[in-house]
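Enquirer: fold the following, please.
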Amino acid sequence: MSMKKSMKKILCLVLVCILCGSFIMAAYADENKEKSAEAKEAAMAGSEENHAEKTDAPNGTASGESEVADAGIFNYSGFGDEKALEATKKKLRAKYGENRQITDDNYDKSLAVKCINGTFVGRKTDGVIAYKGIPFVGAQPVGELRWKAPVDYTADDGVYEAYYIAKSPRQHETLDEEASLYVQGEDCLYLNIWKAEDTGEEKKPVMVWIHGGAFELGGTIDPLYDAHNFVEENPDVIVASIEYRVGVFGFFHLSHLPDGQDYPDAQNLGLLDQMMALKWIHENIEAFGGDPGNVTIWGESAGAGSVTLLPLIEGSHEYFQRVIAQSGAPVFTRSTEEAIDCTNEVMDILGCKTVAELQEADVEKVLKVCAAKLGLRVFPERDGNLLPSDPYEAYINGAAKDLEILQGCNKDEMGYFICGFGLKPYTAWAADRKAKKLSQLTEEEKALVESYCKEARDVTEEYSSTSRLLDQIGFNAPLFRLSENQTMAGGKSYAYFFTPESDAPLMRCGHAEELPVIFKTPQENGRKHDETFSKTMRKMWVQFAKTGNPSLGADISPDGKEKIWPLYDLKDKKVMIFDEFNIHPEKESERGIVDWDRTYFLTKYYCF
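Expert: Below is the predicted model:
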């Protein structure tokens, strides 16, 4: 597998900013002016052809087309490597199939599980049974149900195949997110389950994976998230992965529009989808041998943001007891005003004034506009309804004190983006983000940030002080803000810091570097982590899911040595350090993961 694919994950809609945002395109203007002009003409021609086959777009199509082209949208699919994109798409789509109803008695009863909304028949491979593409809603969110809350499932006596992972949610296509190249559809609300083949009577803990992708990309089809190897190694847990709407169909404020009163939930539909999936799991997982009273929700990047927001939704604690958040926190949210601004920008380009007009717009064009204009601006909304207007205050007030939380981040999170974009475009993007963040601050706060940048540690020509600042804003400081608030409220929090570096140039220990370790899905031609280290990390995740404490006794530790993971506390602030050959706890002050005086306060301004 190529280096790009091996490091391709998660919150990385920033890539869209690089590829599609006009200011980044300007960084290439001198060397690519002629090529860009040709691409723009091609996109315009393609768009006109597309619209010729569909209902006329709403008012303002001509000017809208021009604005989309000016935004650099003509290159939205990736780095222009169409052959690689098509090859990857062909490989992924070969896995697609549609699960059918079984109308005769010709199926393996030992692989069939009776649930409330049907009996589902899985497939067994090497002692692991996978059930793929199980619907968790009563009707898919298409047609009149677009931008509406998910519909609860109903009883069904039918028997159905559960052989194929369902469609990815609608999103723009990019080589850097494999799930985007799979078959897509708005009819995407399905889940998958992996369990070991056994005849034991004891109910097993359940780990529910929520994928990342900047709330605009991603899907459960991604090979990195295949839980077969994880369950094969850890047969004492059951793993599920759930799909949810992303981007314009999952997080798009509409209620301020003239006919928007019928769409009161559109700004947080992705979270409501996740809640519905968790409800289905709570009500059906026992039939698979799972314990509905011992469920851990678990995610990375946008998935980690999700699992730290779900506890703040009223009634959610019925469905899970524990949280694992890898490189994500409530910092990945936006205000109602910010959400409305995003919607208005898109509507202006499309020439739409109402939801009715937006419903008639060409979906491909809508996706392109959003990719161009909203990169790393699409987040769940702190609407004061589903989510509190201040999630951190909710934590400090005890909203999740009955839950156990395990969370952490990687040593060089921004290395992922440096590696993915290349140094020159990344540097332009990072400078722009820093300037935007500084514009939010008071003069005193600006001075603190500039002081931090002057004295930032572990800085090189490639990994600048601005990158260290962005690490603090998006990952390090939010990790400790959540740990502090959860602990102050009387809840339990375990914190970690992952350090092993990639062998990819510029990547270092970047965003998502831990995922192949956790899922036991090593990448071809990619970094091979020490097996004892990797197995220990997975065992700790499983132990946390089982007991609420990730510590390992010598009898279950892969190297035969006890591993005590201390609770986070307000005095010592101990963190488990995942050095590849030395897993050990440290006081935060020994490592200096966050600058308490000069960056910690930035969490009140939320993300990038």
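
Enquirer: residue ranges with poor pLDDT in the stretch 451-600 of the chain?
Expert: Along the stretch 451-600 of the chain, segments meeting pLDDT under 70 span 524-525.

Enquirer: need the pLDDT of the closest residue to Ser327 other than its chain neighbours.
Expert: Among residues not flanking Ser327 along the chain, Cys409 sits closest, at 4.9 Å (Cβ to Cβ, 6 or more residues apart in numbering). Glycine gets a C-beta too; all of them are placed from N, C-alpha and C. At Cys409, the model reports a pLDDT of 98.

Enquirer: for Cys409, give me its contacts.
Expert: Contact analysis of Cys409 by Cβ atoms under 8 Å, 6 or more residues apart in numbering lists 326-327, 475-476, 479, 497-498.

Enquirer: mind checking which of these are in helices?
Expert: Here DSSP state H is the test, and the contacts of Cys409 give Leu479 as lying in helices.

Enquirer: so Asp226 versus Asp108, what's the distance?
Expert: Between Asp226 and Asp108 the computed distance is 21 Å (Cβ to Cβ, to the nearest Å).

Enquirer: greatest separation within the contacts of Cys409: which pair is it?
Expert: Largest separation among those by Cβ to Cβ: Gln326 and Asn476, giving 13.7 Å.

Enquirer: that older thread, neighbour count: Asp226 and Asp108, which is higher?
Expert: Neighbour comparison, Asp226 and Asp108: the larger count goes to Asp226, with 20 against 10 (by other Cβ atoms under 10 Å).

Enquirer: please, where are all the strands along the stretch 151-300 of the chain?
Expert: 159-161, 190-196, 204-210, 238-242, 290-300 (DSSP state E, counting those that start in this stretch).

Enquirer: reformat those as TSV; add distance to Thr536, mean pLDDT and mean neighbour count.
Expert: Output for the strands of the stretch 151-300 of the chain, formatted as TSV (distance: least, Cβ to Cβ, whole Å; pLDDT from 0 to 100; neighbours: other Cβ atoms under 10 Å):
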stretch	distance to Thr536	mean pLDDT	mean neighbour count
strand 159-161	37	98	19
strand 190-196	20	98	24
strand 204-210	17	98	26
strand 238-242	19	98	27
strand 290-300	18	98	23
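
Enquirer: need these in a markdown table with distance to Asp579, can you?
Expert: As requested, these are exported to a markdown table (distance: least, Cβ to Cβ, whole Å):
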| stretch | distance to Asp579 |
| --- | --- |
| strand 159-161 | 45 |
| strand 190-196 | 30 |
| strand 204-210 | 25 |
| strand 238-242 | 27 |
| strand 290-300 | 20 |
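
Enquirer: thinking again about what came up before, okay, now the sheet partners of the one helix or strand the residue nearest to Ser327 maps to, with direction.
Expert: Using DSSP states H and E, Cys409 falls within strand 404-410. Strand 404-410 pairs in its sheet with strand 322-326 (parallel), strand 492-498 (parallel), by DSSP bridges.

Enquirer: excluding chain neighbours, what is closest to the residue nearest the centre of the chain?
Expert: Centroid-nearest residue in the chain: Gly212, 1.3 Å away (criterion: Cα atoms, centre = their mean). Once flanking residues are discounted, Gly212 sits nearest to Ser301: 3.1 Å by Cβ to Cβ, 6+ apart.

Enquirer: repeat for Leu479
Expert: Cys409 (5.1 Å).

Enquirer: could you check how far that neighbour is from Ala477?
Expert: Taken as Cβ to Cβ, the span from Cys409 to Ala477 is 10 Å.

Enquirer: just the CA atoms of stretch 564-577, as PDB, please.
Expert: Listed next in PDB are the C-alpha coordinates belonging to stretch 564-577 (Å, rounded to 0.1, in the frame of the first residue of the first chain):
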ATOM      1  CA  ILE A 564      -0.800   0.000  36.200                       C
ATOM      2  CA  TRP A 565      -2.600   2.900  34.500                       C
ATOM      3  CA  PRO A 566      -3.400   5.600  37.100                       C
ATOM      4  CA  LEU A 567      -6.500   7.600  37.100                       C
ATOM      5  CA  TYR A 568      -6.100  11.200  36.000                       C
ATOM      6  CA  ASP A 569      -6.000  13.500  39.100                       C
ATOM      7  CA  LEU A 570      -5.800  17.200  39.500                       C
ATOM      8  CA  LYS A 571      -2.500  17.200  41.400                       C
ATOM      9  CA  ASP A 572      -0.100  14.900  39.400                       C
ATOM     10  CA  LYS A 573      -2.100  14.800  36.100                       C
ATOM     11  CA  LYS A 574      -0.600  11.400  35.300                       C
ATOM     12  CA  VAL A 575      -0.700  10.200  31.700                       C
ATOM     13  CA  MET A 576       0.100   6.800  30.300                       C
ATOM     14  CA  ILE A 577       2.900   7.200  27.800                       C
END
